[in-house]
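**Student:** Whatever this is, show me its structure:
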Amino acid sequence: MADLNEYLKQKRNALLLRRAKAEAEPAQAVNTLRAKVSAKGRSGVREIRIRDYRVISDSPPDFAGYDLGPSSPELQLGVLGSCLTHITLIQAAEREVSLHSLEVEVEAQMHPLAGRPGYEQIPIYPHDIRYRLIIESDESEETLQALHEAVERVCPIFNLLRDPQAIEGELVLSRPEEAVR
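**Tutor:** Predicted structure coming up:
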């Protein structure tokens with residue numbers, strides 16, 4: 001199996017070019033990220049649309065779902081794992097750290113009675129989140145530990161979950177046409 005080192009060279013070049021462009025035009029470097037989600041009739045399946053991509057989120061059968069995709073909490077763990085993986089690649093490329101393979105495993109706990117009477121102390125969100133960064137490399141343990149520390153320092157989703165920010169919500173009400181008449 002091919003290792004990651006050839007890819008890390010490409011990633012380093014892309015990183016340096018992207019950074020130079022952002023430094024040359026800082027005002028244009030800001031990205032607005034968007035996602036739109038709709039619930040589909042009869043199934044309740046959630047279609048997540050991001051750019052030109054569609055991701056399906058569903059519940060397992062024991063929660064009135066059809067098991068057509070991961071649940072939102074599972075997707076959140078996948079997003080964390082994906083971000084940790086990507087930032088590890090970026091940091092390895094930037095630091096010219098050799099990696100043969102990279103894998104991230106993420107776990108969390110959820111309880112279906114969380115927040116209900118008698119279970120108020122159990123969080124209603126995924127909690128006790130933990131991950132394992134599994135790296136195959138010839139680098140020293142000290143180098144890989146420094147890489148790991150850098151990843152945690154700059155990983156956007158890791159830091160969002162660890163140090164959450166306020167989220168602003170707004171209700172936009174729409175009425176069916178027959179109710180308007």
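**Student:** Output the contacting helices and strands for the helix or strand where Asp128 lies.
**Tutor:** Assigned by DSSP states H and E, Asp128 falls within strand 127-136. Applying 3 or more C-beta pairs under 8 Å, 6 or more residues apart in numbering; DSSP states H and E, we find strand 127-136 packed against helix 72-95, strand 101-109, helix 141-154. Every C-beta, even on glycine, is put in place using the N, C-alpha and C of the backbone.
**Student:** tell me the most buried of these?
**Tutor:** For the helices and strands packed on strand 127-136, ranked by mean neighbour count under the definition mean count of other C-beta atoms under 10 Å, the leader is helix 72-95 at a mean of 18.
**Student:** any idea of the angle it forms with strand 127-136?
**Tutor:** Relative orientation of helix 72-95 and strand 127-136, computed by axes from the mean of the first three to the mean of the last three C-alpha atoms, to 10 degrees: 40 degrees.
**Student:** Quick one: residues in contact with helix 72-95.
**Tutor:** Identification of contacts with helix 72-95 by C-beta atoms under 8 Å, 6 or more residues apart in numbering yields 4, 7-9, 11-12, 15, 46, 48, 55, 57, 70, 97-99, 102-108, 110, 125-126, 129, 131, 133, 135, 143, 146-147, 150-151, 154-158, 161.
**Student:** any idea of the mean pLDDT in that helix?
**Tutor:** Averaging pLDDT along helix 72-95 gives 97.
**Student:** Can I get that helix in PDB, CA atoms only?
**Tutor:** The C-alpha trace of helix 72-95 is given here as PDB (Å, rounded to 0.1, in the frame of the first residue of the first chain):
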ATOM      1  CA  SER A  72     -26.800  13.800  13.100                       C
ATOM      2  CA  PRO A  73     -24.700  12.900  16.200                       C
ATOM      3  CA  GLU A  74     -22.900  10.200  14.200                       C
ATOM      4  CA  LEU A  75     -22.200  12.700  11.500                       C
ATOM      5  CA  GLN A  76     -20.800  15.100  14.100                       C
ATOM      6  CA  LEU A  77     -18.300  12.500  15.200                       C
ATOM      7  CA  GLY A  78     -17.400  11.800  11.600                       C
ATOM      8  CA  VAL A  79     -16.900  15.500  11.000                       C
ATOM      9  CA  LEU A  80     -14.600  15.700  14.000                       C
ATOM     10  CA  GLY A  81     -12.700  12.700  12.800                       C
ATOM     11  CA  SER A  82     -12.500  14.100   9.200                       C
ATOM     12  CA  CYS A  83     -11.200  17.500  10.500                       C
ATOM     13  CA  LEU A  84      -8.600  15.900  12.800                       C
ATOM     14  CA  THR A  85      -7.400  13.800   9.900                       C
ATOM     15  CA  HIS A  86      -7.200  16.700   7.500                       C
ATOM     16  CA  ILE A  87      -5.500  19.000  10.000                       C
ATOM     17  CA  THR A  88      -3.000  16.200  10.800                       C
ATOM     18  CA  LEU A  89      -2.200  16.000   7.000                       C
ATOM     19  CA  ILE A  90      -1.800  19.800   6.800                       C
ATOM     20  CA  GLN A  91       0.400  20.000   9.900                       C
ATOM     21  CA  ALA A  92       2.500  17.000   8.700                       C
ATOM     22  CA  ALA A  93       2.900  18.600   5.300                       C
ATOM     23  CA  GLU A  94       3.800  22.000   6.800                       C
ATOM     24  CA  ARG A  95       6.300  20.500   9.200                       C
END
